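1. below is the sequence, then the predicted model.
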Protein chains: 2
Amino acid sequence: MEDRTIITIGREFGSGGKEIGQILADKLGVKFYDKELLRVASEESGMCQEIFEHQDEKPTSSFLYSLVMDTYAIGGYSPAPFMEMPLNHKVFLAQFETIKKIAKSESCVIVGRCADYALADDPDCLNVFLHADMQFKLERVSSELNVSESKAKDIIKKTDRQRESYYNYYTNKKWGDSRSYDLCLDSSRLGIDGCVDIILSCSKNMIQM
Amino acid sequence: MEDRTIITIGREFGSGGKEIGQILADKLGVKFYDKELLRVASEESGMCQEIFEHQDEKPTSSFLYSLVMDTYAIGGYSPAPFMEMPLNHKVFLAQFETIKKIAKSESCVIVGRCADYALADDPDCLNVFLHADMQFKLERVSSELNVSESKAKDIIKKTDRQRESYYNYYTNKKWGDSRSYDLCLDSSRLGIDGCVDIILSCSKNMIQM
């Protein structure tokens, strides 16, 4: 397939990642995947969608599982049959495969879910991270969720902690570190429309890997 | 003074920060400060230029000094007169004041030296960080310094470790973390000229703080 445009967007909660992704997809005339990805991954994997929604971008708590799997790996033999893979790992892998399958067949914008890591070998993929100052995020989140700024702050911090932990666990990169992405933008300084313009321009002009 | 354009550039060694900064300054018709900053800081402070060159962006090793200063600070009284400020702190402070003075009086592009931190309260200042993949940096550095790629790799790693340590010590931010800057670009994917265009466009369109 020629001339694909694939854009992945990592984002702080409240920085406008979903809005920017949606505008980009509309302008490019390509599909937009945010929560939509969960439905597709659910269909592809045969697992029910509620499981994907429950586990969505949540950090794993299966430290013991990792420990056991690593021990087996070091020993050079397979885990015992009773060690079935935990649900959050299955969900991650199903999403990972779905992201690769989607990006192979069509241009798209994908928000979150370690899409940049799933598409690490894709030469057409532009990986973006969006962040913003706290006041900008507070105003957006408190207005959108209709909660106080104090409550919004709690939600932002908790959500970003989860996203960071999820990303750092499943990828070999660091969430929010500039070196993990091609382009990072402060949406509170560059504006929602400004970010859209910069990302569009970069996706057209970037050097293929 | 109206319509100032101030751009600071943090950069990985070999990512093209100096080249991009120089082209930006030429296109904008403003002054470019890299090593030049050391000469100005030397003149302003009355300290000799060799000291600035020797200490340039080097991490402090004065752990003991910090410890003693912190202990005095907690105690709420001033350090004893025999505790004179070490040279690297004096050099940092002289540069810090020089950067603020320059940016107050003229448009400019400043590379490195925690300029983004010195100008944290400047509403006209766009803070950029440039990074690149290792192969891109190796080719640039080995060609520019006429050394093997293996030697270039050592130099890149050592220089970036120093820059990171210097930045993290003197500022309240993290070197290379996207949240420390308005705009971060991978110059190996976006190209030297591509980075120049994006930075120019952002500096014209950004929202004042």
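-> Yep, it's here.
2. and stretch A:197-209, which residues are buried?
-> A:197, A:198, A:199, A:200, A:202, A:203, A:206 (16 or more other CB atoms under 10 Å in any protein chain shown). No exception for glycine: its C-beta is placed from N, CA and C like everyone else's.
3. so who does the third one touch?
-> So that's residue A:199. Contacts for residue A:199 (CB atoms under 8 Å, 6 or more residues apart in numbering or on different chains) come out as A:7, A:20, A:24, A:126, A:128, A:183, A:185.
4. residue A:34: how many residues sit nearby?
-> Using other CB atoms under 10 Å in any protein chain shown, residue A:34 has 17 neighbouring residues.
5. what do you get for the one 4 residues further on?
-> As a burial measure, residue A:38 scores 23 neighbours (other CB under 10 Å).
6. just the contacts of residue A:199: which are in helices?
-> The members of those that map onto helices under DSSP state H are A:20, A:24.
7. so which of the contacts of residue A:199 are also by chain B?
-> Residues of those in contact with chain B (CB under 8 Å from any CB of the partner chain): A:126, A:183, A:185.
8. how about the nearest residue to the last one, chain neighbours excluded?
-> Across the structure, with CB to CB, 6 or more residues apart in numbering or on different chains as the measure, the residue nearest residue A:185 apart from its sequence neighbours is residue A:195 (5.0 Å).
9. using neighbour counts, pick out the buried residues of the longest helix seen in chain A.
-> Longest helix in chain A by number of residues (criterion: DSSP H): helix A:149-170. Going by neighbour count (16+ other CB under 10 Å), the buried part of helix A:149-170 is A:152, A:153, A:155, A:156, A:160, A:163, A:165, A:166, A:167, A:168, A:170.
10. just stretch A:99-107 next, same as before
-> Neighbour counts using 16+ other CB under 10 Å place A:99, A:102, A:103, A:107 of stretch A:99-107 among the buried residues.
11. let's have the residues you listed in TSV, adding distance to residue A:178 and secondary structure.
-> Below are those laid out as TSV (distance: CB to CB, whole Å; DSSP: H, G, I helix; E, B strand; the rest coil):
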residue	distance to residue A:178	secondary structure
A:99	22	helix
A:102	26	helix
A:103	23	helix
A:107	25	coil
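12. roughly how far is stretch A:160-168 from the heart of the chain?
-> The chain centroid and the centroid of stretch A:160-168 are separated by 10 Å under CA atoms, centre = their mean, to the nearest Å.
13. near chain B at all, it?
-> No - using CB under 8 Å from any CB, stretch A:160-168 stays clear of chain B, coming no nearer than 10.5 Å.
14. give me the residues contacting that stretch.
-> Against stretch A:160-168 from outside (CB under 8 Å, 6+ apart): A:10, A:12-13, A:57-60, A:112, A:114, A:117, A:173-176.
15. narrow the buried residues of stretch A:197-209 to those in helices?
-> A:197, A:198, A:199, A:200, A:202, A:203.
16. with adjacent residues omitted, what lies nearest to the residue nearest to the spatial centre of chain A?
-> The residue lying closest to the centre of chain A (CA atoms, centre = their mean) is residue A:112, at 1.6 Å. Nearest residue to residue A:112, sequence neighbours excluded (CB to CB, 6+ apart): residue A:57, at 5.9 Å.
17. would you confirm that the one you found contacts residue A:95?
-> No - applying CB atoms under 8 Å as the test, residue A:57 and residue A:95 come out as separate, 9.5 Å apart.
18. just the strands in chain A please.
-> Remark: strands assigned in chain A by DSSP state E are A:6-11, A:31-33, A:108-111, A:125-131, A:183-186.
19. tell me who's in contact with residue A:22.
-> Listed by CB under 8 Å, 6+ apart, the contact partners of residue A:22 are A:32, A:34, A:109.
20. quick one: residue A:56 from residue A:37, how far?
-> Here residue A:56 is placed at a distance of 9 Å from residue A:37 (CB to CB, to the nearest Å).
21. got any residues that touch both of the two?
-> With CB under 8 Å, 6+ apart as the test, residue A:56 and residue A:37 both reach residue A:113.
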